[in-house]
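In: Next input, structure requested:
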Amino acid sequence: MSNLRFLAAACAAFLCAAPAAWSVESAASTTDSAGQRNWVSAWSSAPGDPGPNTIDAIFGNDHSRSFENQTIREIAHVSVGGRKVRVRLSNAFGTAPLRVGATRVALRRTGATIWPSSDRRVTFSGNASIVVPVGAVAVSDAVDLDVPGASDLAVSIYLPGATEPATYRETTLQTSYVTAAGSGNATGATDLPGAAPTTASFYLTYVEVQTVLPVSTLVAFGDSVTLGAGSTLDANRSWPEQLSARLNPFQALPRMAVINQGIGCGRLLFDFCGPGGAARFDRDALTATGANRVIVALGINDIMIPAILPNFGHPEFAVENVSASDIITGLSQLVQRARAQGFRIYGATITPFGSSTIPGLFTPENEAKRQAVNRWIRTAGAFDGVIDFEAAVRDPSNPARTLPAYDFDGVHLNDAGYEAMANAVNLGMLF
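Out: The predicted structure follows:
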């Protein structure tokens with residue numbers, strides 16, 4: 001749909017204020033009792049296992065943690081806005097039931113500070129507290145709150161008892177805040193002076209909004225390049241966030257929500273830093289509320305991890321060496337699974353790593369694997385569309401390397417590089 005047609009349809013809807021139900025493309029969308037408004041995922045954080053196989057744990061900088069009688073204030077930058085909001089908490093990797101004593105949501109002002117007038121209590125099946133079973137999730141009731149698109153929500157969670165190591169995303173590009181152990185319930189506090197900043201997220205996996213217009217959600221499903229490693233902290237400059245800005249230049253008339261389901265050091269075929277892409281695809285992509293499109297950007301860590309970790313004292317990863325054919329088969333399986341659920345699926349080429357100085361990474365064998373996978377993504381016709389991230393960021397004088405103006409560390413990109421990736425997406429193929 002062109003911008004002109006979209007604007008005309010939206011204006012007609014507002015002028016007529018018709019009570020008829022919107023038609024919604026996504027089978028995963030849900031509506032209120034009047035059938036007029038659409039729930040979509042507007043922010044996400046893919047949950048991971050706080051076990052030993054995380055990159056930070058291997059290199060001695062473990063971000064996993066437990067909690068006791070303290071409050072987490074998590075900051076979520078929503079892709080699109082709405083008039084109601086609900087949250088989803090996950091105990092996917094817990095070893096004991098998780099007791100949540102209180103939850104509140106508010107518009108974030110700055111840092112850990114909220115706008116008091118926006119503060120709302122969150123309930124679960126009408127209750128202020130809930131116990132989340134091992135491996136389960138808890139979905140909140142709808143909260144009346146006008147949430148602007150591209151704004152920051154503060155979701156404050158009080159954990160009254162001692163918890164096991166939390167289900168979490170090891171690293172994000174957003175600062176959240178944790179009060180001291182034993183400090184009690186601070187979910188309703190306007191500010192959290194003295195709270196410790198963290199770039200991990202804990203328990204909170206989705207923020208969903210009820211939109212006025214019938215939009216759906218696009219899932220960005222990938223690794224640390226999708227997560228945005230190398231971009232500016234708290235600036236919302238990952239390629240999925242910059243793609244959302246392109247899709248929704250007028251937040252009063254949103255076109256499509258975008259959620260970031262990237263996991264740092266995540267692979268397609270093996271677990272590492274959480275479940276592998278093949279294992280988490282249903283949970284983190286196909287069952288996201290309102291989602292009906294997914295961009296898959298995986299494969300680089302399937303090449304990297306078994307090549308480099310043996311050089312850092314972890315020879316056990318050498319047996320997980322995979323071929324280009326293995327990666328292609330894994331991607332093909334995601335295509336079949338997505339189509340079976342009525343999704344459109346788009347394939348993204350693997351970005352260059354030729355300027356990396358990590359021992360063992362850039363070898364002729366690894367480069368040949370990358371090129372073979374990219375050739376298949378471009379030419380096999382397996383996907384509903386192709387996004388050529390490699391072509392967008394490679395150095396024309398040396399295509400095995402990232403353009404220096406975009407390069408952060410030889411593997412990841414800077415803000416400008418992620419902008420180039422977002423600009424490489426042909427918006428027309430998404431509609």
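In: tally of neighbours for Pro359?
Out: Residues near Pro359, counting by other Cβ atoms under 10 Å, number 11. The C-beta positions use only the backbone N, C-alpha and C, and glycine is treated the same way.
In: Where does it fall, secondary structure wise?
Out: Using DSSP states H and E, Pro359 sits in no helix or strand.
In: Skip the chain neighbours and tell me the closest residue to it.
Out: Distances taken as Cβ to Cβ, 6 or more residues apart in numbering place Asn311 nearest to Pro359, at 4.5 Å, with adjacent residues excluded.
In: Provide the backbone phi and psi angles at that neighbour.
Out: phi -80, psi -10 (degrees, to the nearest 10).
In: Tell me the buried residues in the helix or strand hosting Arg375?
Out: Arg375 belongs to helix 364-379 when elements are defined using DSSP H and E. By neighbour count on 16 or more other Cβ atoms under 10 Å, the buried set for helix 364-379 is 366-367, 369-371, 373-374, 376-377.
In: Serialize those to CSV and add fields for pLDDT.
Out: Converted to CSV, those look like this (pLDDT from 0 to 100):
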residue, pLDDT
Asn366, 97
Glu367, 98
Lys369, 98
Arg370, 98
Gln371, 98
Val373, 98
Asn374, 98
Trp376, 98
Ile377, 98
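In: how about those residues in JSON lines, adding distance to Ala92?
Out: Formatted as JSON lines, those follow (distance: Cβ to Cβ, whole Å):
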{"residue": "Asn366", "distance to Ala92": "32"}
{"residue": "Glu367", "distance to Ala92": "36"}
{"residue": "Lys369", "distance to Ala92": "31"}
{"residue": "Arg370", "distance to Ala92": "31"}
{"residue": "Gln371", "distance to Ala92": "36"}
{"residue": "Val373", "distance to Ala92": "29"}
{"residue": "Asn374", "distance to Ala92": "32"}
{"residue": "Trp376", "distance to Ala92": "32"}
{"residue": "Ile377", "distance to Ala92": "30"}
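In: Nearest spatial neighbour of Arg86, chain-adjacent residues omitted?
Out: Nearest to Arg86 is Ser140, by Cβ to Cβ, 6+ apart, at 4.6 Å.
In: In this structure the one you found contacts Val87, no?
Out: Yes: if you go by Cβ atoms under 8 Å, Ser140 and Val87 touch, sitting 4.9 Å apart.
In: These two: which has the busier surroundings?
Out: Neighbours per residue, other Cβ under 10 Å: of Ser140 and Val87, the larger number sits with Val87, 25 against 21.
In: Who are the contact partners of the more buried one?
Out: 103, 105, 122, 139-140, 155, 204, 206-208 (Cβ atoms under 8 Å, 6 or more residues apart in numbering).
In: any low-confidence regions in the protein?
Out: 1-36, 53, 55-57, 59-60, 62 (pLDDT under 70).
In: and it, what are its domains?
Out: 40-205, 215-430 (automatic domain parsing).
In: Quick check: bridge partners of Arg86?
Out: Glu208 (DSSP bridges).
In: That one reaches Val143, doesn't it?
Out: Yes: under the criterion of Cβ under 8 Å, Arg86 makes contact with Val143 at 6.4 Å.
In: what touches both of these two?
Out: Each of Val122 lies in contact with both Arg86 and Val143 under the rule Cβ under 8 Å, 6+ apart.
In: okay, these two: which has more neighbours?
Out: Set Arg86 next to Val143 and count neighbours by other Cβ under 10 Å: Arg86 wins out with 22 against 18.
In: And that one, how far from Arg169?
Out: Using Cβ to Cβ, to the nearest Å, Arg86 is found at 19 Å from Arg169.
In: try Leu153
Out: 16 Å.
In: What of Arg237?
Out: Distance of Arg237 to Arg169, computed by Cβ to Cβ: 18 Å.
In: between these two, who's got more neighbours?
Out: Arg169 (25 against 22).
In: Contact partners for the more buried one?
Out: Taking Cβ under 8 Å, 6+ apart as the test, what Arg169 contacts is 45-48, 200-201, 263, 274.
In: ok so, going back, please work out how many residues are found near the residue nearest to Pro359.
Out: Quick note: Asn311 (other Cβ under 10 Å) scores 13 neighbours.
In: pretty sure Trp93 belongs to a helix, no?
Out: For the record, residue 93 is Phe, not Trp. No: looking at Phe93 with DSSP: H, G, I helix; E, B strand; the rest coil, it is coil, so not inside a helix.
In: quick one: it and Ala46 touch, right?
Out: No: counting by Cβ under 8 Å, Phe93 stays clear of Ala46, with 11.7 Å between them.
In: quick one: which of these two has more around it?
Out: The neighbour count for Phe93 versus Ala46, taken as other Cβ under 10 Å, is higher for Ala46 (28 against 20).
In: Let me see the contact set for the more buried one.
Out: 169, 205, 261-263, 274, 280, 284.
In: got it, and Thr402?
Out: Contacts for Thr402 (Cβ under 8 Å, 6+ apart) come out as 351-355, 393-395, 410, 413, 417.
In: which residues in the stretch 101-250 of the chain form strands?
Out: 102-110, 113-114, 120-122, 130-132, 137-139, 143-147, 152-162, 168-169, 176-178, 196-198, 201-202, 204-211, 216-222 (DSSP state E, counting those that start in this stretch).
In: and Gly330, which of those is closest to it?
Out: Evaluated over the strands of the stretch 101-250 of the chain, closeness to Gly330 peaks at strand 216-222, with 12.5 Å, by Cβ to Cβ.
In: who does the closest one touch, helix- and strand-wise?
Out: strand 38-44, helix 239-247, strand 256-262, helix 277-281, strand 291-297 (3 or more Cβ pairs under 8 Å, 6 or more residues apart in numbering; DSSP states H and E).
In: coming back round to it: make CSV from the contacts of Val87 and add distance to Met256 to it.
Out: Formatted as CSV, the contacts of Val87 follow (distance: Cβ to Cβ, whole Å):
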residue, distance to Met256
Thr103, 28
Val105, 23
Val122, 26
Val139, 23
Ser140, 24
Val155, 23
Leu204, 22
Tyr206, 17
Val207, 16
Glu208, 15
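In: With that, I have no additional questions.
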